[in-house]
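1. Build the 3D model from these lines:
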Amino acid sequence: MAPLPRPEILTIRAYTPGVSHVEGANRVIKLSSNEGAFGPPPGVAPAVAALTGQFHRYPDADMPALRDAIGNRFGLDPARIVCGAGSDDLIYLLCLIYGGALPDGSPTELIMTAHGFSMYDIAGRLAGCRVVKVPERELTTDVDAILAAVTPATRLVFIANPNNPTGTFIPSTETARLRRGLPEHVLLVLDAAYSEYVDRPDYEPGAALVDAGDNTVMTRTFSKMFGLGGLRLGWAYAPAAITENLNRIRIPFNVSLAAHDAGIAALAERGWVERCRAHNSAERARMTKTLHDAGIGVTPSEGNFVLADFRSTARANGADAYLRARGVIVRSVAGYGLPHCLRITVGTTEENDCLIEALTTFCAAPR
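-> Numbering: from 1, shown residues only. Presented below is the predicted three-dimensional model:
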């Protein structure tokens, strides 16, 4: 008889990554995974190349140089920064630390939004939590719905701000209201993976709430704006006690030498964030308007992607197939409860031109 997994493992639906290739296509335009439009900053490649001859050495487990670089770049205390193999790594750890079972053996509860990032559900179930998905308001985090869902078993609340895959956000007044309304023993995790793309005075990624108390964590990533998705590097900023707990259980050497030095080099690139944000804002606005003019609904987005609404599952599937036949890959979000939508990453101007031309032609064709 084969070994049996814990029962909750069988309730987990494996994460579905964005498609990377199309069979038979000579050229592929990948707009499915929200990767940075321009790859990593120029200084990253030389920094990684300089490690040749050192790959047999373990990295520094405490990563002081990387944590200092992050702290200096964002004005944060390096002692309260924990790095990981992508922010997903840290999401898993937080669920394992603060989820699990209550003293009576019943499961703790993790609250997330209906169309929130699927890794919260996966990590929560792995930890033994009961995952509670609350409705959104116009595809946006509804603070009142979250607060209404809290029970004595609630231990974790996860929100992505901006949210993936909808692109919507809530302002700092709402994240502060959420924190005030939650019991003190409930950990609020603010996933700010797309924060570098936001250019609004009413937005705050979460550091202020972390500094204000003992029960909020902000997670960030190098996979988007800094173009290091393939190297897997993320970080969390947390109260001292939570930082200590994360360091108790994280895998030793969970950040590779290459990711470590690439992260430091990426942060040092002057003007990179500002240039990439300006490109993203202009191209996102152009894509939104052009798709809207073609009859496609577009949810207002603060990330490096847009959520395109084709009004029906058949229409969305047809658009997806049409794009793939032309070597353009976007992301189906049926697994997020949005089968009538496609998520489209903002790429380079040339890539966006190809996407816009293809979808405009698709929408103009007789049905």
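
2. residue ranges with poor pLDDT in this structure?
-> 17-26 (pLDDT under 70).

3. What are the boundaries of the strands in it?
-> 29-30, 81-84, 109-113, 130-134, 154-160, 187-191, 216-221, 234-237, 297-299, 305-309, 328-329, 331-332, 341-345 (DSSP state E).

4. Give me the distance between the first one and the centre of its chain.
-> This means strand 29-30. 19 Å (C-alpha atoms, centre = their mean, to the nearest Å).

5. Equivalent analysis for the fifth one, please.
-> In terms of C-alpha atoms, centre = their mean, the centre of strand 154-160 is set 15 Å apart from its chain centre.

6. That one pairs with which strands?
-> strand 109-113 (parallel), strand 187-191 (parallel) (DSSP bridges).

7. Repeat that for the last one.
-> Sheet pairing here is set by DSSP bridges, and for strand 341-345 it gives strand 305-309 (antiparallel), strand 331-332 (antiparallel).

8. Let me have the ones you listed in JSON lines, extended by distance to Asn352 and mean neighbour count.
-> (Each C-beta comes from the backbone N, C-alpha and C, glycine too.) Listed next are the strands paired with strand 341-345 as JSON lines, based on distance: least, C-beta to C-beta, whole Å; neighbours: other C-beta atoms under 10 Å:
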{"stretch": "strand 305-309", "distance to Asn352": "10", "mean neighbour count": "25"}
{"stretch": "strand 331-332", "distance to Asn352": "15", "mean neighbour count": "23"}
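
9. Among those, which comes closest to Asp77?
-> strand 305-309 (31.5 Å; C-beta to C-beta).

10. Show residues contacting the closest one.
-> With contacts defined as C-beta atoms under 8 Å, 6 or more residues apart in numbering, strand 305-309 is touched by 34, 139, 164-167, 284, 287-288, 291, 296-299, 301, 319, 330, 333, 338, 340-346, 359.

11. Distance to Leu228 for the strands paired with strand 341-345 - can I get that in CSV?
-> Rendered in CSV, the data for the strands paired with strand 341-345 read as follows (distance: least, C-beta to C-beta, whole Å):
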stretch, distance to Leu228
strand 305-309, 18
strand 331-332, 20
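
12. Ok, which of those comes nearest Ala2?
-> Nearest of these (C-beta to C-beta): strand 331-332, 32.7 Å.

13. mind listing the helices for this protein?
-> 44-49, 64-74, 87-98, 118-127, 143-149, 172-181, 207-212, 240-249, 257-268, 272-293, 313-325, 349-364 (DSSP state H).

14. Adding distance to Ile9 and mean neighbour count, write the ones you listed out as JSON lines.
-> Listed next are the helices of the chain as JSON lines, based on distance: least, C-beta to C-beta, whole Å; neighbours: other C-beta under 10 Å:
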{"stretch": "helix 44-49", "distance to Ile9": "36", "mean neighbour count": "16"}
{"stretch": "helix 64-74", "distance to Ile9": "33", "mean neighbour count": "16"}
{"stretch": "helix 87-98", "distance to Ile9": "14", "mean neighbour count": "23"}
{"stretch": "helix 118-127", "distance to Ile9": "7", "mean neighbour count": "22"}
{"stretch": "helix 143-149", "distance to Ile9": "24", "mean neighbour count": "17"}
{"stretch": "helix 172-181", "distance to Ile9": "30", "mean neighbour count": "17"}
{"stretch": "helix 207-212", "distance to Ile9": "32", "mean neighbour count": "17"}
{"stretch": "helix 240-249", "distance to Ile9": "19", "mean neighbour count": "14"}
{"stretch": "helix 257-268", "distance to Ile9": "28", "mean neighbour count": "22"}
{"stretch": "helix 272-293", "distance to Ile9": "38", "mean neighbour count": "17"}
{"stretch": "helix 313-325", "distance to Ile9": "29", "mean neighbour count": "16"}
{"stretch": "helix 349-364", "distance to Ile9": "38", "mean neighbour count": "16"}
